[in-house]
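J.: The sequence and its predicted three-dimensional model are supplied below.
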Amino acid sequence: MKEIRIHGRGGQGSVVMAEMLAIAAFEAGKYPQAFPYLGGGGERRGAPVQAFARISDKAITLKEKIQNPDFVIVQDTSIMDIVDVFQGIKPGGTIIINSNKDKDEYKVDREDIKIYTVDANKIAIETIGKPIMNTTLLGAFAKITGQISLEALKNTIEERFDGKIAQKNIEAARKAFELVRGDN
């Protein structure tokens, strides 16, 4: 089983990202689970939010918050000033950061953590027309982890959105898939 923790701010679509990740995993024949953690005022726009997802080859019976994720996705780097996004990440874990900076700009005191960056904001603005980067980051997640396919993500986006909005989100996911930078 792989566990994913998503860090963002209220209104950025962290919960929607976890749900779409679970749907894409289901599309691929996996057993998924997705849920938010809104403690500490997460329901307010701009407040720190965490969302979680699990992907497994077997039915998932766990119901608790994820403490030791395999993967961490950071939607907003300003969250890193107030939340330790590296906390509890499993040995050999992977972190995906929405950033226009190179991965080497992010210092972590563990050699085993793989860091990837993708400028999801820029891709989303250029492709979707708004800085809504959840589908964009899912494209990067698909490339880096192999836990979901780009095709399953495309199908998930088409189920969630209509027409041009779906096509723009698919294009954003594809661009992130191609442009992610890190330890590949």
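T.: Alright, I've got the coordinates. Residues are numbered from 1 along each chain as shown.

J.: helices or strands up against the helix or strand encompassing residue 172?
T.: Element membership of residue 172, judged by DSSP states H and E, is helix 163-179. Applying 3 or more Cβ pairs under 8 Å, 6 or more residues apart in numbering; DSSP states H and E, one finds that helix 163-179 contacts helix 120-127, helix 134-145, helix 150-160. C-beta here means a position set from N, CA and C on the backbone, and glycine is covered the same way.

J.: Could you measure from residue 64 over to residue 24?
T.: Residue 64 sits 23 Å away from residue 24, going by Cβ to Cβ, to the nearest Å.

J.: In stretch 146-155, which residues are buried?
T.: By 16 or more other Cβ atoms under 10 Å, the buried positions in stretch 146-155 come out as 147, 148, 150, 152, 153, 154, 155.

J.: Repeat that for stretch 14-33.
T.: Buried, per 16+ other Cβ under 10 Å, within stretch 14-33: 14-25, 27-28, 30, 32-33.

J.: now do stretch 87-99
T.: Quick answer for stretch 87-99 (16+ other Cβ under 10 Å): 89, 90, 93, 94, 95, 96, 97, 98, 99.

J.: thought residue 75 was touching residue 14?
T.: Yes: at 6.2 Å, residue 75 and residue 14 qualify as touching, with contact defined as Cβ atoms under 8 Å.

J.: Now do the shared contacts for the two.
T.: 6, 7, 8, 134 (Cβ atoms under 8 Å, 6 or more residues apart in numbering).

J.: Can you tell me which of those is closest to residue 55?
T.: Nearest to residue 55 among the shared contacts of residue 75 and residue 14 is residue 6, at 13.2 Å by Cβ to Cβ.

J.: which residues sit in contact with the spatially most central residue of the chain?
T.: Taking Cα atoms, centre = their mean, the centroid of the chain lies closest to residue 73, which sits 4.3 Å from it. Taking Cβ under 8 Å, 6+ apart, we find residue 73 in contact with 4, 5, 6, 7, 17, 95, 96, 98, 137, 141.
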